[in-house]
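*Asks:* next one to model:
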Amino acid sequence: MAQRTEHAVAASSRWIDSDGIRYPCGDTHAWTPGTNQTLCGVPLSRARLDRFAHVPWSEALYLAEIGEHGVVLCRRCTGATQSDRRRWVRTNPRP
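*Replies:* The predicted model follows:
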């Protein structure tokens, strides 16, 4: 069984709330801390994406849902993080 990891966020820009905490805005991607690319394959350094290791992907989904700060989620990263969907399994293989 694969280990479930919580993905962090990498984004093209940021905003700072009243408490001084950085949050993502703009083009937002799912990112696994310790790697140099997003789940969809975009390299962080070449795309000049800021890393937000303190912001989980689930919070980015919430920020995009309320639509207040201009968070635009990557379609490919969103699809890669949906672990609750049913995977393809061959049930009756040919002989």
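
*Asks:* surely Tyr23 meets His54?
*Replies:* No. Using Cβ atoms under 8 Å, Tyr23 is not in contact with His54, being 9.3 Å away. C-beta coordinates here come from the backbone N, C-alpha and C atoms, glycine included.

*Asks:* who has more neighbours, those two?
*Replies:* Tyr23 (18 against 11; other Cβ atoms under 10 Å).

*Asks:* specify the local secondary structure of that one.
*Replies:* Here Tyr23 is recorded as strand under DSSP: H, G, I helix; E, B strand; the rest coil.

*Asks:* point out where this structure drops to low pLDDT.
*Replies:* 1-5, 83-88, 95 (pLDDT under 70).

*Asks:* run the last query once more with 90
*Replies:* 1-6, 17, 34-35, 45, 63, 66-70, 79-95 (pLDDT under 90).

*Asks:* which residues in it form strands?
*Replies:* 8-16, 22-31, 50-56, 71-73 (DSSP state E).

*Asks:* most packed of those?
*Replies:* Ranked by mean neighbour count under mean count of other Cβ atoms under 10 Å, these are led by strand 22-31, which reaches a mean of 22.

*Asks:* with just CA atoms, put that one into CSV.
*Replies:* Provided in CSV are the C-alpha atoms of strand 22-31 (Å, rounded to 0.1, in the frame of the first residue of the first chain):
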residue,chain,number,x,y,z
ARG,A,22,2.2,34.3,3.5
TYR,A,23,-0.5,32.6,1.4
PRO,A,24,-0.5,31.6,-2.3
CYS,A,25,-2.3,33.3,-5.1
GLY,A,26,-2.1,33.3,-8.9
ASP,A,27,-1.3,30.0,-10.6
THR,A,28,-1.2,27.4,-7.9
HIS,A,29,0.3,23.9,-8.1
ALA,A,30,0.5,20.9,-5.8
TRP,A,31,4.0,20.2,-4.6
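
*Asks:* show me what it is packed against.
*Replies:* Identification of packing neighbours for strand 22-31 by 3 or more Cβ pairs under 8 Å, 6 or more residues apart in numbering; DSSP states H and E yields strand 8-16, strand 50-56, helix 57-66, strand 71-73, helix 75-80.
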